[in-house]
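K.L.:
Please work out how this folds:
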Amino acid sequence: MSRIGKRPIEIPKGVKISYTDSFFKVEGPKGSLSRKVMEGVSLKLSDTSVVVERADDGLKARSAHGLTRTLLSNMLIGVTKGFETALEINGVGYRAEAKGDVLNLSLGYSHPINFQLPKGITVEVEKMTKLLVKGIDKELVGQTAAKIRAFRSPEPYKGKGIKYASETILRKAGKTGKK
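P.N.:
Take a look at the predicted model:
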C-alpha cells in the first residue's frame, strides 16, 4: 500500500468539492481547479476529508494511487493558499518589467523578450531583478517559472542569467594565462 496514498486529505474550511464522472473539482477563495482522476483509482468523500482508494493491486493502480492523492492535495492547497516561485536575474543590464499579463525581459539579446503569461498566473517584479511567479495551479506555476528561466539560463563563469532564488550556481574558474 502506498504510504502517501493511504493518508486522508483534510478539506479546509470554505472549500467546495465535487466528484462526478471521474472529474474532481475544487472551488475555494482563490479560484477553482478541476482534474480527471486516473483509471484504477476512486475517491471516497466525507464532510471533512477525501480518501483515495485503488481498485486492485495492479501496476497501474499502484502507480496512480500516491500520485492522485498528491495532485488532489496540491489542488486544495492552491485554492486556499496558492503557490509561488521566486526567480532572480543576474547580469549587467538584465531586467524585467510586468505590464498586465505580459512580462518584458531585457536579457542581453538584440531584442527584448515579451512573454505572454498563461491564464491564472501573475508575476510580481521587485527592483527589476527579482520575480515572483504566483498562481493556484502548482504545475502551471512551476512550468511558467521554468519557461522564464529558459530564456537565459545561468552560465557557470560569471553567473549571468535567470536562476531560481534557492538555486546555487557552481562557478567554474576561467582561463589562466601562460606563466
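
K.L.:
so where's the longest strand in the protein?
P.N.:
In the chain, with assignment by DSSP state E, the single longest strand is strand 83-90.

K.L.:
who does the next helix or strand after that one touch, helix- and strand-wise?
P.N.:
Sequence order places strand 95-99 as the next helix or strand after strand 83-90, per DSSP states H and E. With contacts taken as 3 or more Cβ pairs under 8 Å, 6 or more residues apart in numbering; DSSP states H and E, strand 95-99 sits against strand 102-106, strand 121-126. All C-beta atoms are positioned from the backbone trio N, CA, C, and that covers glycine.

K.L.:
Distance from the chain centre to strand 95-99, please.
P.N.:
20 Å (Cα atoms, centre = their mean, to the nearest Å).

K.L.:
List the contacts of the biggest helix by length in the chain.
P.N.:
Using DSSP state H to define each element, the chain has its longest helix at helix 59-80. Identification of contacts with helix 59-80 by Cβ atoms under 8 Å, 6 or more residues apart in numbering yields 2-5, 7, 9, 11-12, 14-15, 24, 26-33, 35, 37-41, 43, 50, 52, 54-55, 83, 135-139.

K.L.:
Correct me if wrong: residue 97 contacts residue 125.
P.N.:
Yes. At 6.2 Å, residue 97 counts as touching residue 125 under the criterion of Cβ atoms under 8 Å.

K.L.:
In terms of neighbours, single out the busier of those two.
P.N.:
Shown here are residue 97 and residue 125; by other Cβ atoms under 10 Å, residue 125 has more neighbours (18 against 13).

K.L.:
Only C-alpha atoms, please: export the longest strand of the chain in CSV.
P.N.:
Coordinates of each C-alpha in strand 83-90 appear next as CSV, following Å, rounded to 0.1, in the frame of the first residue of the first chain:
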residue,chain,number,x,y,z
PHE,A,83,1.8,28.7,-4.9
GLU,A,84,4.7,30.9,-5.7
THR,A,85,8.2,30.5,-7.1
ALA,A,86,10.9,33.1,-6.8
LEU,A,87,13.4,33.9,-9.6
GLU,A,88,16.5,36.2,-9.7
ILE,A,89,18.1,37.9,-12.6
ASN,A,90,21.8,38.4,-12.5
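
K.L.:
list residues touching both of residue 97 and residue 125?
P.N.:
Common neighbours of residue 97 and residue 125 (Cβ under 8 Å, 6+ apart) are residue 103.
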